[in-house]
Structures are given as structure tokens and as C-alpha cells.
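*Asks:* Compute the structure for the input listed below.
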Amino acid sequence: MKLSSLMLFSGVITALVSAVCPAWAQSDFPSRPIRIIVAAGPSTSGDMVARAMADEMSKQLRVAVTIENREGSGGNVGQIAAARAAPDGYTILLATSALTSSAQMLNPPQYNPIKDFVPLGRIGEVPLLVVVGSETPFNQWTDIVKYARSSPGKMNFATMGKGSASHLFTSILEQEFSMSGVDVGYKSVNQGIMDTSTGKIDMYLANLPPAAGLLSAGKLRVIAVGSASRLPSMPNVPTFAELTGKPNFSASLWYGLFVPTGTPAAVVARLSQETVKAAATQQVKDRIEGAGGFISVGSGRELQEQMESDFKRFGGIIKQLGLAK
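*Replies:* Numbering: from 1, shown residues only. Presented below is the predicted three-dimensional model:
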């Protein structure tokens, strides 16, 4: 065989191998360990949910699924790392709805959660609760609204800092009910909860676990919940959907799994299937409920729609409040 013919034949073989290798890789997926990046520290609610998902997905996929905690900058450290990871299915991000707000706090932007991630599916939701001290005169949400409107600048509320979920949702509620208050930022959730129980803070939009002890002790009470429907454990507490008259109005954090954009469609389909399957297990259900939430399994498409809505919702309030750094 002449050299020119041999080179041509070699080129054809190389092209054919290159064409089929991706298909082989996808049909063999996964062939090595997968990591789930959690944009928060160990023992946080997101970390606990991620570990439950990792345990179940490891059994289902028959490879090790490990957790990598990458906390910092309101979740941006881990989310940027995941966005820049190889789009091969071996890096997954577990994120909350903060994914759609924290990205917009960066100036200039470092990534776009809508364009840089493909949702695999929603796992669950954790509704926020409006808690007040049991010795305060606030027995229902309208009491807070009346106080804030009649005493401008006096009503205060605890948050975990500018741009946190508690801050953004409280700011949205201020707009919705035409009231205003003073944001008191805390580094410790427990301290914010404690100061609310003593009346030093008028209200706190928090999730259940850090408030559970003081609620059981009768030092806090819940006057509104952010879930779409009333919680079975609090049947007499109204939702914001009821209070606003808007059926779709909610103040909840969701958990979801994502992969970087560019991940092969076959790999996305496989991981989406395994995400939904894992989320339906008792272990994951227990972890979500332990975080004060409930299982709310949704497809990647459903989570994409929710992300787009939240991105617009949070983007407007972040811009209005001038929170971009």
C-alpha cells in the first residue's frame, strides 16, 4: 500500500473512531465516580440532602457518588466551580433557589444559572415561616402590616445578611404589602431566632429547624407560611398565597440537581431518571423533612421554568435594592 493511501486509510479509521467514541462513552456512563458539589458547608440542610441523594444514586448507578463542599460568597464559590466543570456528567451541583439570586449579586457576572446549567430535577421544598415572639402583640400577619404602616422605620426584621433568602423574600413582602422595616443582619441564625423570641426583633422569615425548639417551648409563634398550601402540622396558619390573593405566591426554598450545559443529552436523561428515582426514597424524604421541608419532585423542565421565574423575581429586587457587588 502506498504511503498516501495508507495515510488516507488511517485518517478514515481515526474519524470513525472519533465519531463512535462519544456514543461508547455515553452507553458506558457512568464508568467512574461522580461528585456532587454542594455550595454550602458540612452539616447544612443542603449538605444533608445531598448526602442522602448521593447514597441512593450510588446504589442505582453502581459507582461511588461523593460530596464536595465548596462554600463561600453566598454559594457562588461552589456554583462557579460546577459551571466551569467538564460537561461530562461526572460533576453534579446540588443547589437551592439561592442559585438564581446569588449569581446576580456579582458585578461583573461570573456565570448565568439559566444558561450555564441544565436542571436534572427538583427534589424538595422548604417553606419559610414568619415567626414572632409569643409575648409580642403580633397574633396574625395583618398585625405586622398595620404596625409597619403606622410606625414607619420602627418595625425590624432579622435576616442572614443582604441578598440572603430571608432578606430578599422579606423585601418582596414589603413591596407586596406596601410596608417598610429595618433589616437587622445576623451571622448566626440561632441568634436571630433567639432575639425574635425575646421581642428584640419583631419578625423573622426563617425555616423550621432552627425555630423548632423555641416554637415547642411556646416562645415563638408562626403567623404565616411560604408554602403553596397550608402545612399539615400548622393547619391554622395561612399561606402568603391566601394573604396576597395570588395562588402562585410563595416564599420557599427548593432543592435541585444540575449539570453543566453541554453535558450529552443521553447522560442528562440518565441522570434525570436517577434523580427522580432517588428523590422518591424514604431516606431522602426523611432528610428533606428533617430540614423542615417536604418532597416536591419535579422534572428538569419544571425546574427550568421555576428557575426562570425566580431569576426574574429576584433580579428585580436585587437591582432595586442595589445589591450587586
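*Asks:* which residue is nearest the centroid of the chain?
*Replies:* T96 (0.9 Å; C-alpha atoms, centre = their mean).
*Asks:* quick one: pLDDT of that one?
*Replies:* Note for T96: predicted pLDDT of 92.
*Asks:* Confirm for me that it is in contact with S252.
*Replies:* No - T96 lies out of contact with S252 (C-beta atoms under 8 Å); the separation is 9.9 Å. C-beta here means a position set from N, CA and C on the backbone, and glycine is covered the same way.
*Asks:* the helices in this protein, which residues?
*Replies:* Here the chain has its helices, by DSSP state H, at 3-27, 45-61, 76-83, 99-102, 113-116, 141-150, 165-176, 189-197, 208-216, 240-244, 265-279, 282-290, 300-321.
*Asks:* helices or strands up against the fourth one?
*Replies:* The helices and strands touching helix 99-102, judged by 3 or more C-beta pairs under 8 Å, 6 or more residues apart in numbering; DSSP states H and E, are helix 76-83, helix 113-116, helix 300-321.
*Asks:* Which elements pack onto the first one?
*Replies:* In other words, helix 76-83. strand 34-38, strand 91-96, helix 99-102, strand 252-260.
*Asks:* mind checking how far E308 is from T159?
*Replies:* E308 is 25 Å from T159, where distance means C-beta to C-beta, to the nearest Å.
*Asks:* Revised request: answer the last question for P247.
*Replies:* P247 is 27 Å from T159, by C-beta to C-beta.
*Asks:* One more: I37?
*Replies:* 26 Å.
*Asks:* returning to what we had before: can you name the residues bridging to the residue nearest to the centre of the chain?
*Replies:* T96 forms beta bridges with Y255, as assigned by DSSP bridges.
*Asks:* Can you report how many residues lie near the closest residue to P152 other than its chain neighbours?
*Replies:* Nearest residue to P152 in three dimensions, chain neighbours excluded: S180, at 6.3 Å (C-beta to C-beta, 6 or more residues apart in numbering). S180 is flanked by 14 other residues according to other C-beta atoms under 10 Å.
*Asks:* Thanks again, I'm all set now.
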